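J.: My questions are about this predicted structure, shown below with the sequence.
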Amino acid sequence: MDQLKRQAAARALEEVRDGMQLGLGTGSTAKHFVELLGERVAAGLKVIGVPTSEATRADAERCGVPLTTLDEIDHLDITVDGADEIDPDLNLIKGGGGALLREKIVAAASDRMIVIADDSKWVPALGKFPLPVEVIPFGLGATRRAIEKAFAACGVSGQMAVRKAKGGDKDGHVFVTDGGHWIVDAQLGRIVDPPALAKALSAIPGVVEHGLFIGLASSAVLAGGEGIRVIERRKPKGDHE
């Protein structure tokens, strides 16, 4: 599986040109991309990156990839990131690693988003992977009730649980995002209308962001036993949630 992820990362790297400004994703597949990018930088490639998490920042610095911020540059040419699920419209569930807010900010600031994954992430419909919803801790009860209403209005339902930190089940420590927020994971099974649910969740005051990436991915690079598949988005990038 790790080899497949590295193959997808290597294929995405072929899209990178000298002088590009890149969004650097978070997670095991994106980590391969950062490592391979570091090798190219060492060989003379001139690029600059914006990391989507403190973990990716540390990886990029270790690999010698120059970094900047979205305060210092006005756009990104390409963001390369992984996904927890990818559907045939190239809508995504992301946020299994907890970096969804920064990932979405960076993806939305990019001309193109290339999603890299092994082909187990390709699904006929989103929802089997728990949907992460990043929330403000204040007023969580009210926010959860509003999320349940949004689910019902969009024809889905399922168990919700506040994400615990690794090893936190025993001592009750809640997972805290880089932005200082909490994450509620929702087991929805199948999301009938991802764009509608994305819009409904975004309208809730206590929701900071959610893991539905609608209309952001330009292409997906999927590595499997039979090689690499590249799927291009049918509609132009935009109309994202």
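T.: In hand now; what should we look at?
J.: the bottom helix or strand of this structure by mean pLDDT?
T.: Ranked by mean pLDDT, DSSP states H and E, the weakest helix or strand in the chain is helix 168-171, scoring a mean of 62.
J.: tally of neighbours for F151?
T.: As a burial measure, F151 scores 20 neighbours (other C-beta atoms under 10 Å). Every residue, glycine included, has its C-beta placed from N, CA and C.
J.: whoops, I mixed them up, L140
T.: Other residues near L140 come to 14 when the count uses other C-beta under 10 Å.
J.: got it, and D193?
T.: Neighbours of D193 under the rule other C-beta under 10 Å: 12.
J.: and the gap between it and D119?
T.: Distance of D193 to D119, given as C-beta to C-beta, to the nearest Å: 25 Å.
J.: one step back: check which element follows the least confident helix or strand of the chain along the chain.
T.: Sequence order places strand 182-186 as the next helix or strand after helix 168-171, per DSSP states H and E.
J.: Describe which strands that following strand pairs with in its sheet and in which direction.
T.: Take DSSP bridges as the rule and strand 182-186 pairs in its sheet with strand 131-135 (antiparallel), strand 160-162 (antiparallel).
J.: in it, what's buried?
T.: 182-186 (16 or more other C-beta atoms under 10 Å).
J.: so where's the protein shaky on pLDDT?
T.: 168-171, 235-241 (pLDDT under 70).
J.: Mark out where each domain of it begins and ends.
T.: Taking automatic domain parsing as the criterion, the chain consists of the domains 2-123+214-232, 131-211.
J.: among these, which is the most enclosed?
T.: Highest mean neighbour count of the domains of the chain: domain 2-123+214-232, a mean of 20 (counted as mean count of other C-beta atoms under 10 Å).
J.: Between the two ends of that domain, what distance do you get?
T.: From its first residue to its last, domain 2-123+214-232 covers 23 Å (C-alpha to C-alpha, to the nearest Å).
J.: so how far is V41 from D2?
T.: 22 Å.
J.: And D87, by the same measure?
T.: Noted for D87: a distance of 33 Å to V41, by C-beta to C-beta.
J.: re earlier: tabulate the buried residues of strand 182-186 (TSV), appending distance to V65.
T.: Shown next, in TSV, are the buried residues of strand 182-186 (distance: C-beta to C-beta, whole Å):
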residue	distance to V65
W182	30
I183	27
V184	33
D185	31
A186	34
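J.: Okay, now stretch 65-76: how far is its last residue from its first?
T.: Length of stretch 65-76, first residue to last, C-alpha to C-alpha: 15 Å.
J.: what sits up against that stretch?
T.: With C-beta atoms under 8 Å, 6 or more residues apart in numbering as the test, stretch 65-76 has contacts from 21-24, 34, 37-38, 41, 47-51, 57, 60-61, 105-106, 109-111.
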